[in-house]
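Engineer: Based on what follows, work out the 3D shape:
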Amino acid sequence: SEFNVLVDTNGPVIIDLPQAVNAAANNSAQAMFTRDVNNMRRYYGEFAPSLLKTQYAKEIWALFEEASLTPNTTLSGEFEDSTEAADVDA
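Structural biologist: From the prediction side, this is the model:
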C-alpha cells in the first residue's frame, strides 16, 4: 500500500514486503504483483491523474520475465499488449 512507500529526492523506497513471494514458484505471483502495483497507481493517480493511464505492472513484469529488470532500469509506464494469438496446439 501507499503507507509502505517512502519518497524523497532520491525516489521511492519500499519499506515493507509482507507478501514477498518467489515468483518462479508461485502461480499467483503475477496477479498479486499486478494488484499491488495497480492499487498504488490508483492511490497516487488521485494526486497525479496522468498515472492512471500507465501500465507499470505489465511493463515491470515483462522486463522481469525477460531477465532485463535491474535496479537501474528506467521505466516508462508504457506497455503494448501482444496481439499475437497463442499457439495452444504446440
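
Engineer: so where's this structure uncertain?
Structural biologist: For the chain, the stretches with pLDDT under 70 are 18-19.

Engineer: Report the contact partners of the residue nearest to the spatial centre of it.
Structural biologist: For the chain, the residue sitting closest to the mean C-alpha position, by Cα atoms, centre = their mean, is Ala57 at 2.7 Å. With contact taken as Cβ atoms under 8 Å, 6 or more residues apart in numbering, Ala57 is in contact with Phe33, Thr34, Val37, Asn38, Arg41. Using the backbone N, CA and C atoms, a C-beta is placed for each residue, glycine as well.

Engineer: For those, which two are the farthest from each other?
Structural biologist: Phe33 and Arg41 (12.4 Å; Cβ to Cβ).

Engineer: what's the distance between the residue nearest to the centre of the chain and Val88?
Structural biologist: Taking Cβ to Cβ, to the nearest Å as the measure, Ala57 falls 25 Å from Val88.

Engineer: what does Arg35 give?
Structural biologist: Taking Cβ to Cβ, one finds Arg35 at 26 Å from Val88.

Engineer: Could you check which of the two has the larger neighbour count?
Structural biologist: Arg35 (13 against 5; other Cβ atoms under 10 Å).

Engineer: how many neighbours does Asn26 have?
Structural biologist: 12.

Engineer: for Asp36, same thing?
Structural biologist: Neighbourhood size, Asp36 [other Cβ under 10 Å]: 15.

Engineer: Could you say which helix or strand holds it?
Structural biologist: Using DSSP states H and E, Asp36 falls within helix 29-45.
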